[in-house]
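S.K.: next comes the sequence, and after it the predicted model I'd like to discuss.
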Amino acid sequence: MKKIIGTDIGNSKTEIVIGSQNSEISFRQPSVISEVIGSQISTDQTIEQVMSDLYNNITVHISSKALNRSALYHIGSKALNAPNKSNMNLSLGKKSENDIPVVMTLGMIAASSVKEKYEEENELPESISLSVDMATAIPSSEYTKPIAEGLEKRFVDNRHIVVVHVADEIVQVTIKFTNCKVTEEGKTAMLAFSTSDDDILSEYNRMYNSNKSVRELLSATSLHVDIGDGTTEFTTIEGLQPIPNLSRGKRLGVGYVSDDAIRLIQSQSQLSLNSRFTRQELQEWMKKETPRGEFARECFEQAKHLQADEILNETFVSFAELSSSQAEFIFVHGGGSITFKENMLEKLYRFAEQNYSQVVWIDKEYATSMNSRGTYVLAKALYANKK
């Protein structure tokens, strides 16, 4: 099976867009893994039950020289409720060296191929072989050409054997990366924007009482602010092309708010939190309409304001230093654009107005998938017609 894939290896969530023949699918999972001690997976679910919700039940054994060692893992949502879970350390960063992005990527690709085959044939295959062309990205604060090439080689220079556990059955998925491109986070956002429906501008058109289309913004100079979990990326783009050396990443984002909120929960309550309590688990708490959920939301709100101000200040500096105050539009997207919107939008709108610029705040329907869709567009451009 031949696949073209765009992958957003986020600190909070990993999202992949997969294209094969005439179909495209995308899905995301929390960037959390849990190593399973021992080799036996105990389950009382049937194959049909697991396959009906496979993406939230990913258990894989991965053998690959790209990893420090081969092991059996629960991945994503499955890992959140398991012991021995791990997520990305925001302070250390170094996505390119960490095993978690590789484990997440391989596990999710393998699971999607098993799901596809099962839906086609209504039974589990014994094995699957995949040939993959992929594009992904790492933070600007981490990016250098040698570091990017190092991550590319982790995928391309190794054969990856992923055994997917489905109830009491297994499927062996062999993944060979024919090509892999690692670029800087934020640089592919305009590619995603260029292929979007005009609905992506609904917030912009409402704010400025206009009726512009995506096409009308494609030739402008823009500053992109991509607010993630562990970093916020600032990138100057001319039309569809990032301008060399005019991008940077700062360790600002939703993850730092989550970490501060967790500390607040620990200091302001009698709740006993597991030492491995993750940012992703906090986000799950916040979704619930329970006293615990309400308390988690209160702590998160307390921690949010200072981080929003820091991101705003860096945006103002980047407008002046990276775009030389010439950006016609300031694009804001990424998962953090949803979290910080009420804290940032009005102040950023005033700043832009004073500087003869305009704010394109990407609607939440599109904001979190700009990186995965952008890397997928890049992968198609690089590899779709390559023999």
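M.R.: Arrived safely. Numbering: from 1, shown residues only.

S.K.: please point out which parts of stretch 280-288 sit buried.
M.R.: Using 16 or more other C-beta atoms under 10 Å as the test for burial, stretch 280-288 gives 280-283, 285-286. All C-beta atoms are positioned from the backbone trio N, CA, C, and that covers glycine.

S.K.: those residues in helices, which ones?
M.R.: Those of the buried residues of stretch 280-288 mapping onto helices are 280-283, 285-286, per DSSP state H.

S.K.: out of those residues, which one has the weakest pLDDT?
M.R.: Least confident entry in those, by pLDDT: Gln280, with 81.

S.K.: bridging residues for the closest residue to that one other than its chain neighbours?
M.R.: Nearest residue to Gln280 in three dimensions, chain neighbours excluded: Pro30, at 4.1 Å (C-beta to C-beta, 6 or more residues apart in numbering). Counting by DSSP bridges, Pro30 is bridged to Lys13.

S.K.: neighbours of Pro30, just the number please.
M.R.: Per other C-beta atoms under 10 Å, the neighbour tally for Pro30 reads 25.

S.K.: counting contacts, what elements does the biggest helix by length in the chain pack onto?
M.R.: Taking DSSP H as the criterion, the chain has its longest helix at helix 291-321. Secondary-structure packing of helix 291-321 (3 or more C-beta pairs under 8 Å, 6 or more residues apart in numbering; DSSP states H and E): strand 221-227, strand 232-238, helix 254-268, helix 279-286, helix 341-354.

S.K.: can I get these in CSV with distance to Asp309?
M.R.: Converted to CSV, these look like this (distance: least, C-beta to C-beta, whole Å):
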stretch, distance to Asp309
strand 221-227, 13
strand 232-238, 13
helix 254-268, 12
helix 279-286, 21
helix 341-354, 8
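
S.K.: of all the ones you listed, which one comes closest to Phe155?
M.R.: Of all the helices and strands packed on helix 291-321, strand 232-238 sits nearest to Phe155, with 21.7 Å by C-beta to C-beta.

S.K.: contact partners of whichever helix or strand comes after the closest one?
M.R.: Counting by DSSP states H and E, the next helix or strand C-terminal to strand 232-238 is strand 241-250. Where contact means C-beta atoms under 8 Å, 6 or more residues apart in numbering, the residues beyond strand 241-250 that reach it are 139-143, 184-187, 190, 231-237, 314, 318, 322-323.

S.K.: let me see the domain layout of this protein.
M.R.: For the chain, automatic domain parsing gives the domain ranges 2-184, 196-254+285-367.

S.K.: returning to what we had before: helix 341-354 and the longest helix of the chain, what's the angle between them?
M.R.: 20 degrees (axes from the mean of the first three to the mean of the last three C-alpha atoms, to 10 degrees).

S.K.: check which residues of helix 291-321 are buried.
M.R.: Neighbour counts using 16+ other C-beta under 10 Å place 295-297, 299-300, 303-304, 307-308, 310-312, 314-315, 318-319 of helix 291-321 among the buried residues.

S.K.: tell me what angle that helix forms with helix 254-268.
M.R.: Between helix 291-321 and helix 254-268, the angle comes out at 140 degrees (the same axes, to 10 degrees).

S.K.: tell me what angle helix 291-321 forms with strand 221-227.
M.R.: Interaxial angle of helix 291-321 relative to strand 221-227 (the same axes, to 10 degrees): 150 degrees.

S.K.: which strands and helices lie in contact with the longest strand along the chain?
M.R.: Ranked by residue count, the top strand of the chain under DSSP state E comes out as strand 169-184. Here strand 169-184 touches helix 99-121, strand 127-138, helix 145-156, strand 159-166, strand 241-250, helix 370-383, going by 3+ C-beta pairs under 8 Å, 6+ apart.

S.K.: closest one to Arg276 among those?
M.R.: Nearest to Arg276, of all those, is helix 99-121, at 13.8 Å by C-beta to C-beta.

S.K.: between the buried residues of helix 291-321, which is nearest Asn57?
M.R.: Ala296 (25.3 Å).

S.K.: and that closest one, what is it in contact with?
M.R.: Neighbours of Ala296 in contact, by C-beta under 8 Å, 6+ apart: 261, 265, 282, 285-286.

S.K.: what is the nearest of those residues to Asn57?
M.R.: Proximity of the contacts of Ala296 to Asn57 was ranked by C-beta to C-beta; the top entry is Trp285 with 21.2 Å.

S.K.: that closest one contacts Glu294, doesn't it?
M.R.: No. Contact status for Trp285 versus Glu294: not in contact, 9.7 Å apart, counting by C-beta atoms under 8 Å.

S.K.: surely Met344 and Glu314 touch.
M.R.: No. At 11.3 Å, Met344 does not count as touching Glu314 under the criterion of C-beta under 8 Å.
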